[in-house]
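> kindly return the folded structure for what I paste below:
(chains A and B)
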Number of protein chains: 2
Amino acid sequence: MTNSQDLITRCIHTIQMLAVDTVEQARSGHPGLPLEAAAIAYVLWTRYLQYNPADPAWPDRDRLVLSAGHGSALLYTMLHLTGYDLSLDELRRFRQWDSRTPGHPEHGLTPGVETTTGPLGQGLGNAVGLALARAHLTACYPHCPLDHHTVVIVSDGDMMEGVGYEAASLAGHLRLPRLIAIYLDNHITIDGGTDLSFSDDVAARYASFGWRVLRMDGTDVADIDRALGDAWSQPNRPILVIARTHLGWGSPKQDTSAAHGEPLGAEALRATKEHLGWPLEPSFLVPDDVRTHFRWAGDRGQQAQAAWQSRWNAYAAAYPQEAARFQAEWAGDLPPGWDADLPSFAPDKPIATRVAGGQIMNAIAPRLPALIGGSADLAASNRTALKDLGNIRPGDYAGRNIHFGIREHAMGAILNGLALHGGLIPFGATFLVFSDYMRPSIRLAAMMGLRVIYVFTHDSIGLGEDGPTHQPVEQLATLRAIPNLTVIRPADANETVVAWRMALERRAGPTALALTRQGVPVFDRSRLAPAAGLARGAYILADAAGTPDVILIATGSEVSVALGARELLAAEGIQARVVSMPSWGLFDAQPPAYRDGVLPPGVLARVAVEAGVSQGWHRYVGLAGDVVGLDRFGASAPYQTLMREFGFTPEHVAARARTVLGR
Amino acid sequence: MTNSQDLITRCIHTIQMLAVDTVEQARSGHPGLPLEAAAIAYVLWTRYLQYNPADPAWPDRDRLVLSAGHGSALLYTMLHLTGYDLSLDELRRFRQWDSRTPGHPEHGLTPGVETTTGPLGQGLGNAVGLALARAHLTACYPHCPLDHHTVVIVSDGDMMEGVGYEAASLAGHLRLPRLIAIYLDNHITIDGGTDLSFSDDVAARYASFGWRVLRMDGTDVADIDRALGDAWSQPNRPILVIARTHLGWGSPKQDTSAAHGEPLGAEALRATKEHLGWPLEPSFLVPDDVRTHFRWAGDRGQQAQAAWQSRWNAYAAAYPQEAARFQAEWAGDLPPGWDADLPSFAPDKPIATRVAGGQIMNAIAPRLPALIGGSADLAASNRTALKDLGNIRPGDYAGRNIHFGIREHAMGAILNGLALHGGLIPFGATFLVFSDYMRPSIRLAAMMGLRVIYVFTHDSIGLGEDGPTHQPVEQLATLRAIPNLTVIRPADANETVVAWRMALERRAGPTALALTRQGVPVFDRSRLAPAAGLARGAYILADAAGTPDVILIATGSEVSVALGARELLAAEGIQARVVSMPSWGLFDAQPPAYRDGVLPPGVLARVAVEAGVSQGWHRYVGLAGDVVGLDRFGASAPYQTLMREFGFTPEHVAARARTVLGR
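Residues are numbered from 1 along each chain as shown, chains lettered A, B, ... in the order given. This next block holds a predicted model:
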């Protein structure tokens, strides 16, 4: 393979011009980063990254994360050039309806896109998760060939966002191996020079986290090669490579924020092509020898995967049981009998659903090795510690418990990386109110359809004395508002068992469990409907004789309040049905006949009861119904006092039901 | 005043024991931090802080922020001892219903509490805002006596949360003067030793941000005095004082996480008192000479305020106009004629509401010097730059534009600090979807009732090609779910004028404006109802002749779609009313007669139209109505395509209206 300086230069120019033409064609997009990072991309994709365009799902491929997702045109260009199933026609349809080249990279839509990026800082967190996943699986399967690296390309935004700091801090603490971040240090942000708002000594900062820091000239192929070679040869720590680069490199807008987020325009495009000695026409030009060179790089990956397959086969022959288990986990299957030890709770004494949750997790975890996760420094409160299954520690990644530290947002982004890697089912825990700290990551998990499980405890004013700063009131509503996130708030310990089952069996997206701090009754299922009804989102827990006069709908700790109200009403001759409704999302997915059976269209006297904002409940209670909710922030007091003062008592619910009935 | 070592020791023990008794009495709370930080608190409150317990609102008081809000018992103890209006009885009612001593400090509830803290990292961000407010006002009023410091006490959690990193990075960049952070470096987190999850070299990290870093032994009064004296004498940079401390200092649980979050318990309490040579009984003991000593410290502040008042009087005499303006701004009054230049937009061509918003802000800003703010690196897109009014820069704080950098969360926390300081009306801007990055700060602004204005542009799929990562769909719903946050999504440029008026005139809480990226028609108000109707949250924009057959309710860019549907329906003889509903919150606050006038209970055929999740709309359309919403993530394409594909067209809305009508 010839590899002359001239060919290299033309390869780099091809990357630049293809990306710029892509943006220009769309009349929308970000040319600055592709121009800037083309030389780095060239060296990465032709000399370092291990990938096979013919099999983007190869388990041992290197994971390349473009955290600076606005540079999508660069990524699409590289995927096209190296031979992924992404045609020039798709580049021409950049940012158009139904194309595979959306404005920001979307995992699942485009082959070779490892994660959905764009919201800054997220990709860096994903990369930490990806590297951690490999480290953990390697520790658990020491003979399995898993040698890949995780490489993440970050921009100033990733450096400034808090989630990026958090993720880098944890990665440094853990001394994560085979994680390489390449920082495009271009001295420009959208508003202007970074001197407007940013003067961190990034090298010193990353060193303070425990990273090794290298530098390179991001426009000099030899220097890039030297630095990346150095990075690849230092496997025992995360590496930051600071690349001095120039936004819009080679264009008249170089080193200005004007190069960032809009097409160059005809004039600057012409000037750029002239400056680079590139033909003005045709656009989307890929010279034959350039195409051959990149395809060679891509084809090399096919050989690499074949070699890996031999190693895998040898491994599978030597360790057949291990290999079979690995494959099943990689496929996302739950092992047979995973649920054999699931507990069943007797109705003899109250138990907080977080406590039940902890018992459930510990019953599952020994039989489900793929389950890994932890808490943002609240393990004892969340009850999520997996007993006797070890901690992830610096240099020792075999444990199943991750101490995320007080870093909810990085936790969210790292969970996404763990799920994206394959082979793992990650969970993360904090107080429900602090789900606010990690919403951008939850949103991306939902958008990507990742199997991530959130354990959010202390799920209402029922947490008591810590007061309004710690009491969620709007969080149930706001999590339910995220498309493709299943939110489940079980009413008692046995519903919590079913909730965990639903969460684990769901493959197409994340699940958030909302669990109580305070003890709640375990319902006597010999008198009430089985907890299995949770699977349908809402079910008749206790019915009226005949057509109900009124339907009381409740979730979580308020279900027992509704049951109490039902008894009070019954004593007055009012027949109330109690519906336990742990999940709007699961209920909405049921067929109309089931939904109408639970909430008959003819019964409009309905009262919803939930210790949170009423937003959204009118979809179920209508204009004729009522919501006993909490449309204000909470207060600091013992929880029994709060529940009473805020109206979550059988007496108050019964009174509101009477009002709805006009009595 | 005697000041013997013995008295000092007993003062420190009084702080410790009073706080611990407070927690013990409540059977709930955090004794670890008050024990740990008592010596630091002693030195701060008796030798450094400038405050007057008789006037907690003294403008030139030092601002003390307990970012580690779980240490509230320490703060309440100090407020009590130094003579604030906070009795021992209130300490005894710690964490009880209706007390002034809630679990975490709540601004507005307890005199001397500068900000509500508990969610970690927020207080550090608030402190940066407080210090920036002073720096800005000093630059604008160079002769006005404003000499106070901002002191923030931070724990490991504040160091680990991303918002804390972001805020510290910006503070270092700006070289903010008179900002002192005291870091309780106790090597313990809730889950155990910090070595579980945290090994940042904090000193190096803060140095990398541009802070000066000092160290002290947090249990040694002389060393604390030395370090704080040093910090106070270096006014030209933010200072981090790393205090080596011991969680639960002096108790048997010292240096363990068990000391953190629950009462010591009778046995450990007894052991602690014995260890410190403190009487076991009575609890809540304050020896007379200790009380006298602290009261002296408090009284000294009264003299300090008197001296300041003299300086103020001299200033007011020398610069009467300036002083009058300062006072009016301090009172939160909008100056007469502030709205004289508010534009009115003619219905001749479409204009994006973000563009209108920029013109409105620039019409207001010259007449409203209190208005200060900026964007998280999207000023050009948000259109929030205040022209010719300068930038806040390192060492130069007179500008009105703040470049927050790509740090939405710190922006939120800093805005809260700016509002808390007094004299300013802060605003912050980003894309609506990135409001997710700053929700914890927005929630606290709402909880505290701060006048903060958020400018959230690119408010729907109408932003087009950037795709689902950048397209809000659930954010309108989730912001509306926050109690006491007013959310306004104006339909056109003239509604945007009224929205800004509402935001500025609101004193009791924050307002979020949701503005379009894309152009939207300016309605011809000669044919439609006046935009002033926005003030009531929803109003009849175009009515039916007589009782409407159907009501179309819409917000923002979808109002013009509803108007189009109305015309289509009219051509078929269906009388539709169009209600513009820019703010649920403002509408819900109207009297029932007004609400019933807009949405007559007798007209149940209703269709809501909004390019976002449907959650919450059934409160207005009921079970018989329908919602044309977007209950999925968006897509990357030109916005006209998206609006069409997702059904936001007059034709589709008309069809849905027909269905609701059963036609």
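
> care to break chain A down by domain?
A:5-304, A:353-514, A:533-661 (automatic domain parsing).

> okay if I get these as CSV plus distance to B:Gly537?
Glycine gets a C-beta too; all of them are placed from N, C-alpha and C. Converted to CSV, these look like this (distance: least, C-beta to C-beta, whole Å):
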stretch, distance to B:Gly537
domain A:5-304, 31
domain A:353-514, 19
domain A:533-661, 15
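
> so which of those is nearest B:Arg311?
Nearest to B:Arg311, of all the domains of chain A, is domain A:5-304, at 34.4 Å by C-beta to C-beta.

> for the closest one, what is the distance to the chain centroid?
21 Å (C-alpha atoms, centre = their mean, to the nearest Å).

> mean confidence for that domain?
The average of the pLDDT scores along domain A:5-304 is 96.

> sec struct for A:Leu569, please.
helix (DSSP: H, G, I helix; E, B strand; the rest coil).

> what does the stretch 151-300 of chain A have sitting close to chain B?
Contacts of the stretch 151-300 of chain A with chain B, taken as C-beta under 8 Å from any C-beta of the partner chain, map to A:156-157, A:160-166, A:169-170, A:172-173, A:189-192, A:196-202, A:204-205, A:207-210.

> how about 7 Å then?
A:156-157, A:160-163, A:165-166, A:169-170, A:173, A:189-191, A:196-201, A:204-205, A:207-210 (C-beta under 7 Å from any C-beta of the partner chain).

> what subset of those is buried?
Buried residues within those, counting neighbours by 16 or more other C-beta atoms under 10 Å in any protein chain shown: A:156-157, A:160-163, A:165-166, A:169-170, A:173, A:189-191, A:196-201, A:205, A:207-210.

> in helices, which of the residues you listed fall?
Counted as lying in helices by DSSP state H, out of these, are A:156-157, A:160, A:162-163, A:165-166, A:169-170, A:173, A:205, A:207-209.

> the residues you listed into CSV, with extra columns for distance to B:Val598?
Output for those, formatted as CSV (distance: C-beta to C-beta, whole Å):
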residue, distance to B:Val598
A:Asp156, 47
A:Gly157, 43
A:Met160, 44
A:Gly162, 42
A:Val163, 42
A:Tyr165, 47
A:Glu166, 46
A:Ser169, 52
A:Leu170, 52
A:His173, 56
A:Arg205, 54
A:Ala207, 61
A:Ser208, 58
A:Phe209, 56
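
> closest to A:Pro343 among these?
Among these, A:Leu170 lies closest to A:Pro343 (C-beta to C-beta), at 32.5 Å.

> you'd agree the closest one is up against A:Glu408?
No. Taking contacts as C-beta atoms under 7 Å, A:Leu170 lies outside contact range of A:Glu408: 11.8 Å.

> how about stretch A:175-189: buried residues?
Residues A:175-186, A:188-189 are the ones in stretch A:175-189 that count as buried (16+ other C-beta under 10 Å).

> just name the closest of those to A:Ala512, please.
A:Leu176 (26.8 Å).

> show me what contacts the closest one?
Listed by C-beta atoms under 7 Å, 6 or more residues apart in numbering or on different chains, the contact partners of A:Leu176 are A:128, A:131-132, A:135, A:238.

> list just the nearest of these to B:Tyr454.
Among these, and counting by C-beta to C-beta, the member closest to B:Tyr454 is A:Val128, at 30.1 Å.

> can you list phi and psi of the residue nearest to A:Leu569 when sequence neighbours are not counted for me?
The shortest distance from A:Leu569 to any residue other than its chain neighbours is 4.7 Å, reached at A:Ala576 (C-beta to C-beta, 6 or more residues apart in numbering or on different chains). For A:Ala576, the backbone dihedrals (degrees, to the nearest 10) come out as phi -110, psi 140.

> quick one: the helices in the stretch 451-600 of chain A?
Assigned by DSSP state H, counting those that start in this stretch, the helices in the stretch 451-600 of chain A fall at A:475-480, A:493-505, A:559-571, A:584-588, A:592-598.

> likewise the stretch 101-250 of chain A?
Using DSSP H, counting those that start in this stretch, the helices found in the stretch 101-250 of chain A span residues A:122-140, A:156-160, A:162-174, A:202-209, A:221-232.

> for the residue of the stretch 151-300 of chain A found nearest chain B, which non-adjacent residue is closest in space?
Relative to chain B, the nearest point of the stretch 151-300 of chain A is A:Gly162 (2.0 Å; C-beta to the nearest C-beta). Residue nearest to A:Gly162 in three dimensions, not counting chain neighbours: B:Gly162, with 2.0 Å by C-beta to C-beta, 6+ apart.

> what do you get for A:Asp466?
Using C-beta to C-beta, 6+ apart, the closest residue to A:Asp466 is B:Gly103 (4.4 Å).

> how close does the one you found sit to A:Leu534?
Using C-beta to C-beta, to the nearest Å, B:Gly103 is found at 32 Å from A:Leu534.

> more crowded one of those two?
Using other C-beta atoms under 10 Å in any protein chain shown, the more surrounded residue of B:Gly103 and A:Leu534 is B:Gly103, with 30 against 26.

> that one contacts B:Arg93, correct?
No. With contact defined as C-beta under 7 Å, B:Gly103 does not reach B:Arg93; the gap is 12.0 Å.

> the longest helix that chain A contains packs against which elements?
In chain A, taking DSSP H as the definition, the longest helix is helix A:288-318. Contact partners of helix A:288-318 among helices and strands, from 3 or more C-beta pairs under 7 Å, 6 or more residues apart in numbering or on different chains; DSSP states H and E: helix A:5-26, helix A:72-82.

> that's a strand at A:Val607, yeah?
Yes. Looking at A:Val607 with three-state DSSP, it is inside a strand.

> so what's it bridging to?
In this structure, A:Val607 bridges to A:Leu552, A:Asp626 when assessed by DSSP bridges.

> report the contact partners of the residue lying closest to A:Val152 once chain neighbours are set aside.
Sequence neighbours aside, A:Ala127 is the residue nearest to A:Val152 in space, at 3.7 Å (criterion: C-beta to C-beta, 6+ apart). Applying C-beta under 7 Å, 6+ apart to A:Ala127 gives the contacts A:65, A:150, A:152, A:179, A:181, A:417.

> how about a cut-off of 8 Å?
A:63, A:65, A:67, A:150-152, A:167, A:179, A:181, A:417 (C-beta atoms under 8 Å, 6 or more residues apart in numbering or on different chains).

> kindly report the same for A:Tyr437.
A:408-409, A:430, B:119, B:161-162, B:439-440.

> in CSV: those, plus distance to A:Pro521.
Conversion of the contacts of A:Tyr437 to CSV gives the following (distance: C-beta to C-beta, whole Å):
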residue, distance to A:Pro521
A:Glu408, 31
A:His409, 35
A:Thr430, 26
B:Pro119, 31
B:Glu161, 36
B:Gly162, 39
B:Arg439, 33
B:Pro440, 33
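
> how about stretch A:208-226: buried residues?
By 16+ other C-beta under 10 Å, the buried positions in stretch A:208-226 come out as A:208-214, A:216, A:218-219, A:221, A:223-225.

> likewise stretch A:7-18?
If you call a residue buried by 16+ other C-beta under 10 Å, then stretch A:7-18 has these buried ones: A:7-8, A:10-18.
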